[in-house]
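Asker: Generate a structure from the sequence data that follows.
(2 chains)
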2 protein chains.
Amino acid sequence: MKSILALGTDEQINKWIPLAKKFFIIGTYAQTELGHGSNLRGLETTATFDVATQEFILNTPTFSAMKWWPGDLGRTATHAVVFAQLYLKGHCYGMHPFIVQIRSLRDHSPSQGITLGDIGPKMGFENVDNGFLILKNVRVPRENMLAKFSQVLPDGQYKKQGSEKINYLTMIVVRVNILQSSIIPCLMKACTIAIRYSVVRRQSELKPGDPEVKILDYQTQQQKLFPQLATAYAFHFTCNYLLETFHRCYNQTQEGKFDLLPELHALAAGIKVITTDYCSAGVEVCRRACGGHGYSLLSGLPSIYVKVVPSCTYEGENTVLLLQTARFLVKCYGMAQMGQPLPSSVAYFSSVNFGKCQAQEEKDFLNPDIYTDAYKHRAFRLIRNAAMKLQQLVQAGKTQHEAWNQCTVQLTRAAMAHSHYIVVQKFTEELKNHAKESAIQRVLKNLCDLFALHGIFSNAGDFMQDAYFSTEQIDRVTETYLDLLAVIRRDAVPLVDAFDFSDACLNSALGSYDGHVYQRLYEWAKKSPTNHQDDRVFKTYLKPLFQNALSKL
Amino acid sequence: MKSILALGTDEQINKWIPLAKKFFIIGTYAQTELGHGSNLRGLETTATFDVATQEFILNTPTFSAMKWWPGDLGRTATHAVVFAQLYLKGHCYGMHPFIVQIRSLRDHSPSQGITLGDIGPKMGFENVDNGFLILKNVRVPRENMLAKFSQVLPDGQYKKQGSEKINYLTMIVVRVNILQSSIIPCLMKACTIAIRYSVVRRQSELKPGDPEVKILDYQTQQQKLFPQLATAYAFHFTCNYLLETFHRCYNQTQEGKFDLLPELHALAAGIKVITTDYCSAGVEVCRRACGGHGYSLLSGLPSIYVKVVPSCTYEGENTVLLLQTARFLVKCYGMAQMGQPLPSSVAYFSSVNFGKCQAQEEKDFLNPDIYTDAYKHRAFRLIRNAAMKLQQLVQAGKTQHEAWNQCTVQLTRAAMAHSHYIVVQKFTEELKNHAKESAIQRVLKNLCDLFALHGIFSNAGDFMQDAYFSTEQIDRVTETYLDLLAVIRRDAVPLVDAFDFSDACLNSALGSYDGHVYQRLYEWAKKSPTNHQDDRVFKTYLKPLFQNALSKL
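Answerer: Predicted coordinates for the structure are as follows:
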């Protein structure tokens, strides 16, 4: 239904929405094909207009063209918005959306020319209905093409109308919503479970004869979990910023101005990637930090992992999105070279410190200006190097496309470094919002420092390029970072309690508020269906063997 | 049964093995407890000797002491080798193994004082029986303590005998076997599936108007998959080396010499960690590189991931093992400082190049001497720095244990860098074995170069310390590495075919030899049980809604 609202004319909306409510129409968005995901222009499904009958004839011309993955398609939906290449008088006009009834409203049987079903078992979408759809000469009336942006006239003429650019906004708002309502909370939950568990679990003594130590007191455990905690807070603030930018941009489009859209698109793509990538990795770190119990489904952690990780692929595959961000960055680099004004998210291009980092002592590295400058330098240098290599390859005779392909590894790294800078920078800005709450500010500052220094520690090579950081400085960053772990240890439990997840929401034997880990694991395990089966397995397989053995007595 | 062979006296072996065969005894190895895994000394189960009855009384004194995880325990085993703290006349003698009958051989009911069951659902062990076990005053005769290394005499006296060191060998051979028979093949299978799929899948055109490109021709896809391919080959050779070392060591122990054991233990621990860590990460990279289809269980990839990843935790948790390797390395560093002779795996401490890397051109970076020297420098520097920090903290008044804890992040990195060096070094040695097969040698050389340069590219900071590599050199490494991707592209498919997995063994719709990806996905999906259910769901939930809607007509 959302597709109709976004892609339909007012007339179509006024027709279909009441119809959908009245007849309990269940819709699906049928875009992805078996052989085509990220490259929408490559979709193969066809819709050919038949002037004689005023109908579109939809077909799945090849195996790889069948629709594959759409939600609710396999066992539920009655109607689909099918994306297909529009053919008018033998000429292809590209991808357009068509409303197709795929199942009967009386008995749910597939409509004429429709073959459909479930795509089989999946990791992380166990209970989700994802289906396939094959169309064979399926006819729909001319009015079923969603025509907000283009229309086919009765005589088969093609007519464009409105601006499709506004569509970007839908895509972006979907991405921001997923990050905020699902992906970042996944990391927050995993941190809550792992950190609470790590103050219950004890292992070995630090001093012989002492009681066993809470595992959260081990530096290695802190080094696993605290960067994830800082990351969860960091992304929370980044997402707020993205949403503000979105609203600013949306308001402009309402006044007919679309010039912020490319920047918003590049920004949202980069932030989607770094968030989904770090959250997926972070949840897995938390899971493994719980040792054997992290493999138990009763810990809640495996199900969080399979929930978070598909976000690296859906709503824009991460590598594809990074390259979109990179394309924008390379363009902006060119603008900067020509002295043109820069969009605000890349305005830092003109304030990069090309010298060396001046920090000496530990306290210098805890100065947000010092580390944001370092992130700035790293991002800009990676963007500049990729852009220059691209230029050189073209000058050396490569085609634009070959040259681009040969730079893509470096371009994705540059886009990631740029997004990383944004996250650090927005976190430092957030600190200013708490100037009047010194206790909160102090704790957030520790997290911000940790996030930033952990990033330098983990990507030291990038920061040492051009000798921006010396070996001695990197060693100092490492020590400062490790010292921070012990500082954050004190606030770690309250910092996850602050996420305020109920026990029911966490659904974890390891992570509940009261810390009764072992009792809960045992109680929950006892409830497992495997403990309430009849003795069929014993009777069928084991008993005959035992009886046979006993008969030898 | 294996435990009895390893831990029992000849008399016990001669008694129990025939008994086990005759009565179809199914054994389980009950070591891990709900609250204790890696720290065996911390296990809480007790076995108290009762001189009057010549029995041990076994108890689970706390919640966290119940046995948790043992295989076959939850629903199958009849006997367990239970590890418990031995108490004699109120004094604890540490962990010992006891044979306990846990279920009746007649009706499979739990024995007197035994409570047991299944520990509930797990990630990656779906069909494995893992159980819990609570012991309440369970009595077993004195002879049931496995007594190869220590014995309790009838009067309650404790008597040690033989050397437990030999036990290390069992642990190590188990680890090597798992790597070779399960973990490395997991990465090989994932590479096979992802690389074969990537020459079938096409996406976008490089030149407008051209047909869509095989995704393996994209640099970003090559950068995801080829390092995994090189890693699979690298570990294959490392494992051979580990096995050779094991056999050399084993032969020495047969002559009563145990001095190679600590080195073998440290080596095997480090290689276990780097192999399981890289293989787990690599399988996930391969899975995600297959886009949406990598989430389909029909791809075979999710099940490979859940099979490989628990190896980071079982048979020695990776952080714990790295610290064991690190302890050996720090000790060896001390020996090197005092001019003592070094074990062979750390002999390189005395040949580290403390100057700068001399490589200039691309071909220099393809020289195995150049890059093994770089790995050597990196490992040694990290070991030295960690050892020096440890020393300084102790000199500054910290206890050994506090100081150790504050160095553990750096110690684990050092142990990882050492293991990484071993893998690179053994790969370059392997090349020499193929001096007479120049075609094979050339291909393996490319893989070895790629493995080594990818490691430098991914950990550039480590290699730039002390200015060993300059910014210009690191940039050159990056270019050399990226150029290699295009070289390996030519051999990528034969290199995975060479693993020689049958289609049945891969069990993947994406990875079969004939490349019929889409047809197979469709055929397998159609067979999914979800496509052969009755229309219960429709009838129960949807039909009433539709009927209600239609009645409004």
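
Asker: Measure how far the helix or strand encompassing residue A:461 is from the centre of its chain, please.
Answerer: For residue A:461, the element it lies in under DSSP states H and E is helix A:460-464. Put simply, helix A:460-464 sits 26 Å off its chain's centre (Cα atoms, centre = their mean, to the nearest Å).

Asker: does chain B sit close to that helix?
Answerer: Yes - interface with chain B: helix A:460-464 contributes A:460, A:461, A:462, A:463, A:464 (Cβ under 8 Å from any Cβ of the partner chain). C-beta: built from backbone N, CA, C; applies to glycine.

Asker: Let's see stretch A:233-252 as CSV, backbone CA atoms only.
Answerer: Extracted C-alpha coordinates of stretch A:233-252, given in CSV (Å, rounded to 0.1, in the frame of the first residue of the first chain):
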residue,chain,number,x,y,z
TYR,A,233,25.9,5.6,21.9
ALA,A,234,27.7,7.1,19.0
PHE,A,235,25.3,5.8,16.4
HIS,A,236,22.3,6.9,18.5
PHE,A,237,23.6,10.5,18.1
THR,A,238,24.5,10.1,14.5
CYS,A,239,21.0,8.9,13.7
ASN,A,240,19.5,11.9,15.4
TYR,A,241,21.7,14.1,13.2
LEU,A,242,20.7,12.2,10.1
LEU,A,243,17.1,12.6,10.9
GLU,A,244,17.5,16.4,11.4
THR,A,245,19.2,16.6,8.1
PHE,A,246,16.4,14.6,6.5
HIS,A,247,13.8,17.0,7.8
ARG,A,248,15.7,20.0,6.7
CYS,A,249,16.0,18.5,3.2
TYR,A,250,12.3,17.4,3.2
ASN,A,251,11.2,20.9,4.0
GLN,A,252,13.3,22.3,1.1
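
Asker: gap between that stretch and the chain center?
Answerer: Worked out by Cα atoms, centre = their mean, stretch A:233-252 lies 16 Å from the chain centre.

Asker: Can you pull out the residues in contact with that stretch?
Answerer: Under the contact criterion Cβ atoms under 8 Å, 6 or more residues apart in numbering or on different chains, stretch A:233-252 has outside partners A:169, A:172-173, A:176, A:179-180, A:184, A:187, A:258-261, A:264, A:267-268, A:271, A:275, A:278-279, A:422-424, A:426-427, A:429-430, A:444, A:447-448, A:451, A:495.

Asker: make it 6 Å
Answerer: For stretch A:233-252, the external contacting residues (Cβ atoms under 6 Å, 6 or more residues apart in numbering or on different chains) are A:176, A:179-180, A:184, A:260, A:264, A:271, A:275, A:423, A:426-427, A:430, A:447, A:451.

Asker: can you give me the strands for chain A?
Answerer: Remark: strands assigned in chain A by DSSP state E are A:27-30, A:46-50, A:55-59, A:67-71, A:79-88, A:91-101, A:114-118, A:130-135, A:138-141, A:150-152, A:158-160, A:202-203, A:213-214.

Asker: So which of those strands is nearest chain B?
Answerer: Chain B lies closest to strand A:114-118 among these, at 4.0 Å (Cβ to the nearest Cβ).

Asker: And the average pLDDT for the closest one is what?
Answerer: Model confidence over strand A:114-118, given as mean pLDDT, is 96.

Asker: In its sheet, which strands sit next to it, and in what direction?
Answerer: As defined by DSSP bridges, the strand partners of strand A:114-118 come to strand A:130-135 (antiparallel).

Asker: Give me the contact list for the partner strand.
Answerer: Strand A:130-135 has contacts (Cβ under 6 Å, 6+ apart) with A:30, A:58-60, A:66-69, A:73-74, A:115-119.

Asker: what's the angle from that strand to strand A:55-59?
Answerer: Angle between the axes of strand A:130-135 and strand A:55-59 is 120 degrees (criterion: axes from the mean of the first three to the mean of the last three Cα atoms, to 10 degrees).

Asker: how distant is strand A:130-135 from the center of its chain?
Answerer: Remark: strand A:130-135 is offset 25 Å from the chain centroid, using Cα atoms, centre = their mean.

Asker: before we move on, what about stretch A:454-468?
Answerer: Chain-centre distance of stretch A:454-468: 25 Å, with Cα atoms, centre = their mean.

Asker: Just the buried positions in that stretch, please.
Answerer: Within stretch A:454-468, the residues that count as buried by 16 or more other Cβ atoms under 10 Å in any protein chain shown are A:454, A:455, A:456, A:457, A:459, A:460, A:461, A:462, A:463, A:464, A:465, A:468.

Asker: Could you identify the pair within the residues you listed that is furthest apart?
Answerer: The span of these, defined through Cβ to Cβ, is set by A:454 and A:465 at 18.8 Å.

Asker: In CSV: the residues of helix A:460-464 next to chain B, plus distance to residue B:330 and pLDDT.
Answerer: What follows is the residues of helix A:460-464 next to chain B, written out as CSV (distance: Cβ to Cβ, whole Å; pLDDT from 0 to 100):
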residue, distance to residue B:330, pLDDT
A:460, 22, 97
A:461, 26, 97
A:462, 29, 97
A:463, 28, 97
A:464, 26, 96
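
Asker: Compute the number of surrounding residues for the residue nearest to residue A:121 when sequence neighbours are not counted.
Answerer: Of all residues not flanking residue A:121 in the chain, residue B:297 sits nearest, at 4.1 Å (Cβ to Cβ, 6 or more residues apart in numbering or on different chains). Using other Cβ atoms under 10 Å in any protein chain shown, the number of residues around residue B:297 comes to 18.

Asker: residues in the stretch 301-450 of chain A within reach of chain B, list them.
Answerer: For the stretch 301-450 of chain A, the residues in contact with chain B (Cβ under 6 Å from any Cβ of the partner chain) are A:302, A:310, A:313, A:317, A:319, A:401, A:405, A:408, A:409.

Asker: what about the last one, how many residues close to it?
Answerer: Residue A:409 has 22 neighbours, counted by other Cβ under 10 Å.

Asker: Give me the distance between the spatially closest residue to residue A:262 that is not a sequence neighbour and chain B.
Answerer: Leaving out its chain neighbours, the residue that sits closest to residue A:262 by Cβ to Cβ, 6+ apart is residue A:328, at 6.2 Å. Per Cβ to the nearest Cβ, to the nearest Å, residue A:328 is found 17 Å from chain B.

Asker: How about residue A:1?
Answerer: Residue A:1 sits at a distance of 15 Å from chain B (criterion: Cβ to the nearest Cβ).

Asker: contacting residues for that residue?
Answerer: So residue A:1 contacts A:20, A:27 (Cβ under 6 Å, 6+ apart).

Asker: Need the strands of chain A in a markdown table (columns: distance to residue B:537 and mean neighbour count).
Answerer: Below are the strands of chain A laid out as a markdown table (distance: least, Cβ to Cβ, whole Å; neighbours: other Cβ atoms under 10 Å in any protein chain shown):
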| stretch | distance to residue B:537 | mean neighbour count |
| --- | --- | --- |
| strand A:27-30 | 16 | 25 |
| strand A:46-50 | 31 | 20 |
| strand A:55-59 | 27 | 21 |
| strand A:67-71 | 16 | 24 |
| strand A:79-88 | 18 | 23 |
| strand A:91-101 | 20 | 18 |
| strand A:114-118 | 12 | 20 |
| strand A:130-135 | 14 | 25 |
| strand A:138-141 | 25 | 17 |
| strand A:150-152 | 38 | 18 |
| strand A:158-160 | 42 | 11 |
| strand A:202-203 | 47 | 20 |
| strand A:213-214 | 48 | 17 |
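
Asker: Take those strands and lay them out in a markdown table including distance to residue B:367.
Answerer: Listed next are the strands of chain A as a markdown table, based on distance: least, Cβ to Cβ, whole Å:
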| stretch | distance to residue B:367 |
| --- | --- |
| strand A:27-30 | 54 |
| strand A:46-50 | 55 |
| strand A:55-59 | 58 |
| strand A:67-71 | 48 |
| strand A:79-88 | 52 |
| strand A:91-101 | 51 |
| strand A:114-118 | 55 |
| strand A:130-135 | 51 |
| strand A:138-141 | 63 |
| strand A:150-152 | 60 |
| strand A:158-160 | 60 |
| strand A:202-203 | 45 |
| strand A:213-214 | 47 |
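
Asker: All set now, cheers.
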